[in-house]
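> Fold the following for me, if possible:
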Amino acid sequence: MNAVTYITRYRRWPARLGFGGDGSRSPWRWHARRQLPLVRRVILYHPNVPSAFEGLTIGQVSDVHAGQFMTPERLEEVRRVLCQLHPDLIVFTGDQLDRRDVDAELFVQSFAGLSAPLGVYGILGNHDYLAGRELALTALEAAGIQPLVNRAVLFHRNGATLLLAGVDEAEAPSPFGPSFSVLQSTAASFRLLLCHQPRLWPEAIRHGADLTLAGHTHGGQISPVGERFSLARLGTRFVAGPYVSGAHLLYVSRGVGVGAVPLRVGTLPEVDLITLCRGIPWPRP
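Sure thing, here's the model as predicted:
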């Protein structure tokens, strides 16, 4: 099995010309880092966060792409990192599988038995549909992850209600696809949405999502001169990290896996630990 190569640190214009790792004279100094993914911790503030849920932690895993480029050892490292965080809630935001039938078995073996106080939930991405919708849903269920495909669950605490909803993949063939009406299925103090593709954030806003968690972009995946110039911007301006629009927040995970090319340049794979706090809607370090 071929593994992903992570080229994670570089110098664009060093003070003086140096030698690359292979002994060749080059202005680029690449370093392959092995102990990945990293943990990206972010605090998201929103005025609608009920005091009963203030400090809630969410472990987000996106774009696993279990398949030929993600070895069992690398997937086990993702699991280990996630479990060490002890989040209140765990969410998988799509593309758990890459595209083959056998990818489902690899995903289940790697993530079966995960637990969190408020549960473990997942949605589908475009690559899950390449593998097969029913197979992808079965893989989630076999791993003990509750699918939220155009569905919602409610969490009640001290008179407050948090709604966690998930929508289907934007590129799903008819009759499937996202139904944002799930956000308005019941009254809630705070509405948290799982949506694989961040380009759908404006639609999520129109239906009342306070916070949307997305993936899909891999943070550009190959961004040698920074994420602002990645190819992912051809599909959406929401490429990586937090965004704010009025009283609405979006967080786009850079994910842990890769697509067709087994390479990440300048964009580190990440598991996200998101903490919800009450306040002016803005991400803070």
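
> all contacts plus neighbour counts: C-alpha atoms, from now on.
Fine.

> Count the neighbours of residue 261 for me.
11 (other Cα atoms under 10 Å).

> Angles on the backbone of the spatially most central residue of the chain, please.
The centroid of the chain falls nearest to residue 62 when counting by Cα atoms, centre = their mean (2.9 Å). Note on residue 62: backbone dihedrals following degrees, to the nearest 10 are phi -130, psi 150.

> and if you look at the one 10 residues further on?
The phi and psi torsions at residue 72 (degrees, to the nearest 10) take the values phi -60, psi -30.

> ok, it - contacts?
Residue 72 is in contact with 106, 110, counting by Cα atoms under 8 Å, 6 or more residues apart in numbering.

> try 7 Å this time
By Cα atoms under 7 Å, 6 or more residues apart in numbering, residue 72 lies in contact with residue 110.

> unless I'm mixing things up, residue 107 is touching residue 65, no?
No - Residue 107 is beyond contact range of residue 65, at 8.6 Å (criterion: Cα atoms under 7 Å).

> so what sits against both of those two?
Among the neighbours of residue 107, those also in contact with residue 65 (Cα under 7 Å, 6+ apart) are residue 97.

> quick one on the thing from earlier: how near is the residue nearest to the centre of the chain to residue 256?
Residue 62 sits 6 Å away from residue 256, going by Cα to Cα, to the nearest Å.

> Residue 140 now?
Distance of residue 140 to residue 256, computed by Cα to Cα: 17 Å.

> Residue 144 too?
In terms of Cα to Cα, residue 144 sits 20 Å off from residue 256.

> Which one of those two is surrounded by more residues?
residue 256 (26 against 18).

> Put the alpha carbons of whichever strand or helix holds residue 80 into CSV.
Using DSSP states H and E, the element containing residue 80 is helix 72-85. Written as CSV, here are the backbone C-alpha positions of helix 72-85 (Å, rounded to 0.1, in the frame of the first residue of the first chain):
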residue,chain,number,x,y,z
PRO,A,72,-3.8,1.3,8.7
GLU,A,73,-1.0,2.8,10.8
ARG,A,74,-1.8,6.3,9.7
LEU,A,75,-5.5,5.8,10.4
GLU,A,76,-4.7,4.4,13.8
GLU,A,77,-2.7,7.6,14.5
VAL,A,78,-5.7,9.7,13.6
ARG,A,79,-7.8,7.6,16.0
ARG,A,80,-5.2,7.9,18.8
VAL,A,81,-5.0,11.7,18.4
LEU,A,82,-8.8,12.0,18.5
CYS,A,83,-9.2,9.8,21.5
GLN,A,84,-6.6,11.7,23.5
LEU,A,85,-8.6,14.9,23.1
